[in-house]
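In: Sequence and predicted structure, then a few things I'm wondering about:
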Protein chains: 2
Amino acid sequence: MNTVSKSQKKRDALVKATISLVNNNGFHATPMSKIAKMAEVSAGTIYLYFENKQDLVNQVYIDVKAAFSKFAFKDYEEGGSVNKGFEIIWKNIAEFKLMKVEEAMFLSQCDNTPIVDEPSRKEGLKHLQPLLDLWERGKKEEIIKPVSPYMLYAFSIYPIAFLMNMQEREIFKLTKENIDEAYEMAWNSIKI
Amino acid sequence: MNTVSKSQKKRDALVKATISLVNNNGFHATPMSKIAKMAEVSAGTIYLYFENKQDLVNQVYIDVKAAFSKFAFKDYEEGGSVNKGFEIIWKNIAEFKLMKVEEAMFLSQCDNTPIVDEPSRKEGLKHLQPLLDLWERGKKEEIIKPVSPYMLYAFSIYPIAFLMNMQEREIFKLTKENIDEAYEMAWNSIKI
DNA sequence: TACAAAAAAATGAACGTTCATTCATTTTTA
DNA sequence: TAAAAATGAATGAACGTTCATTTTTTTGTA
């Protein structure tokens, strides 16, 4: 049997189409009509699921960010060593950015432009708490540098987005060895 | 006397207006009419300086990127130690991102969306060679990790853009001390 | 189970607005 | 006074959104 309702399928198709078109053409060149066409849905149908274009991007952003966060913490449980915990999370994030390129590219575009509104941005940040907690513990244990979590994020996590971007533009190839080197660089920047 | 021609002034005003409006509203919500109004120029005048809207953003991108690169290498001369050279360049870049926020935000938006075309992107990259050369020397001297320059850039330079973004959203404050800490983190990630 | 009536979902043509761009005219400069 | 620069109203295409109509699904009844 089919556990996904028909209307959920349409919403999913719309979300997917939005991600793909915004990635390839940018938000400014992604009309609702094209989204509808790619999702194989009529133009009016979009407005049964989303209030308007702004609401559509907001919801897509929140959806993708939730999927990202879920992925980031798979196989992770609090309580283990800070080193190991960070490695698990970091490699999950790297895997997400390299496997789910479409989603990751979309997030990178949203995080660097005013196409999503402030409340949705806040909403998207919610799920990162376990990483912040881990860092807090790492600071107490004098393993992690006693600096703002924004600094830790900037130097250890954010760089992955750049590598993904270069990879996507076929300027640079991220191999298995590269990933281990990258992880080392991330860790070296935040460890004491 | 006035060494800047009148028409150069108009072009400058258009460039400035474009940066400001794209930063605040996004490219999709920046009509030519608003750019003209903010630059105190008639709509048609834009087309004396730029072919069309695409050409306008491309040129603004290239202009700003050139200013950025120039700034990045001020007070730098090849030949000094790798450590010192990198510190000078890194701190220049940090200063640019924190002092010339408008320009830096615009670059970050362009670098993460398809609003500028590929040739302009290539053009914008041209001026970074001295940093690549420095890194190459650092690798030979076994001071810098023997990894792709994209990796070095991702972990040492790219994070500054994240900090700038957070600073701009008033989520995080970058103080003098922070900057020194950040520099340490950057250096730790790329040094052997 | 079969069918019809009611409700819900989906459609897509139509609407009004906004936008990028043009060009006949005016203003400024040489 | 000729040339160059600037203007801004006009144009037509494209867009987001609506809504009268159609299609599909659900419900109620025998």
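Out: Perfect, thanks for sending it.
In: So stretch A:107-116, near chain B or not?
Out: Yes - residues of stretch A:107-116 contacting chain B under Cβ under 8 Å from any Cβ of the partner chain: A:108, A:109, A:111, A:112, A:113, A:114, A:115. Glycine gets a C-beta too; all of them are placed from N, C-alpha and C.
In: tell me the angle of the one helix or strand the first one maps to relative to helix B:101-111?
Out: To tie it back to what came earlier, the one meant is residue A:108. Using DSSP states H and E, residue A:108 sits within helix A:101-111. Calculated by axes from the mean of the first three to the mean of the last three Cα atoms, to 10 degrees, helix A:101-111 forms an angle of 160 degrees with helix B:101-111.
In: tell me the mean pLDDT for the very next helix or strand once past helix A:101-111?
Out: On the C-terminal side of helix A:101-111, the closest following helix or strand by DSSP H and E is helix A:118-125. The pLDDT scores in helix A:118-125 average 94.
In: What helices and strands are in contact with the following helix or strand past helix A:118-125?
Out: The helix or strand immediately downstream of helix A:118-125 is helix A:129-140, counting by DSSP H and E. Contact analysis of helix A:129-140 by 3 or more Cβ pairs under 8 Å, 6 or more residues apart in numbering or on different chains; DSSP states H and E lists helix A:82-99, helix A:149-156 as its packing neighbours.
In: List the contacts of residue A:15.
Out: A:59, A:60, A:63 (Cβ atoms under 8 Å, 6 or more residues apart in numbering or on different chains).
In: Would you list the phi and psi of the nearest residue to the first one once chain neighbours are set aside?
Out: Same thing as residue A:59. Once flanking residues are discounted, residue A:59 sits nearest to residue A:50: 6.3 Å by Cβ to Cβ, 6 or more residues apart in numbering or on different chains. The phi and psi values for residue A:50, taken as degrees, to the nearest 10, are phi -130, psi 140.
In: Tell me who's in contact with residue A:50.
Out: Residue A:50 neighbours (Cβ under 8 Å, 6+ apart): A:14, A:56, A:59.
In: I'd say residue A:40 and residue A:13 touch.
Out: Yes - if you go by Cβ atoms under 8 Å, residue A:40 and residue A:13 touch, sitting 6.7 Å apart.
In: Pick out whichever of these two has more residues nearby.
Out: Between residue A:40 and residue A:13, residue A:13 has the larger neighbour count (other Cβ atoms under 10 Å in any protein chain shown), namely 17 against 11.
In: mind listing what the more buried one touches?
Out: Listed by Cβ under 8 Å, 6+ apart, the contact set of residue A:13 reads A:39, A:40, A:41.
In: can you list the residues of chain A near chain B?
Out: So far as Cβ under 8 Å from any Cβ goes, chain A lies against chain B at A:24-29, A:108-109, A:111-115, A:145, A:147-148, A:150-151, A:153-155, A:158-160, A:162-163, A:165-166, A:171-172, A:178, A:181-182, A:185-186, A:188-190.
In: which of these are buried?
Out: Taking 16 or more other Cβ atoms under 10 Å in any protein chain shown as the criterion, what is buried in the residues of chain A next to chain B is A:26-28, A:108-109, A:111-115, A:145, A:147-148, A:150-151, A:153-155, A:158-160, A:162-163, A:165-166, A:172, A:178, A:181-182, A:185-186, A:188-190.
In: Need the residues that contact the one helix or strand residue A:60 maps to.
Out: Element membership for residue A:60 (DSSP H and E) is helix A:53-72. For helix A:53-72, contacts defined as Cβ under 8 Å, 6+ apart pick out A:14-15, A:18-19, A:22, A:27, A:32, A:35, A:46, A:50, A:89, A:92-93, A:95-96, A:100, A:103-104, A:106-107, A:110, A:115-117, A:119-121, A:123-125, A:127-128, A:131.
In: Buried subset of those, written for ChimeraX?
Out: Buried members of those, identified by 16+ other Cβ under 10 Å, are gathered into one ChimeraX selection as follows:
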select /A:14,15,18,19,22,27,32,35,46,50,89,92,93,96,100,103,104,106,107,110,115,116,120,121,123,124,127,128,131
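In: filter the contacts of helix A:53-72 down to the ones near DNA strand D?
Out: A:32, A:46 (Cβ under 7 Å from any atom of the strand).
In: The closest residue to residue A:38 other than its chain neighbours: how many residues sit nearby?
Out: With Cβ to Cβ, 6+ apart as the criterion, residue A:38 has its nearest non-adjacent residue at 3.8 Å, and that residue is residue A:17. For residue A:17, the neighbour count with other Cβ under 10 Å is 21.
In: How far away from the center of its chain is the strand or helix carrying residue A:17?
Out: For residue A:17, the element it lies in under DSSP H and E is helix A:6-25. Remark: helix A:6-25 is offset 16 Å from the chain centroid, using Cα atoms, centre = their mean, to the nearest Å.
In: Also stretch A:128-136?
Out: From the chain centre to the centre of stretch A:128-136 is a distance of 17 Å (Cα atoms, centre = their mean).
In: Ok, stretch A:152-163 next?
Out: 12 Å.
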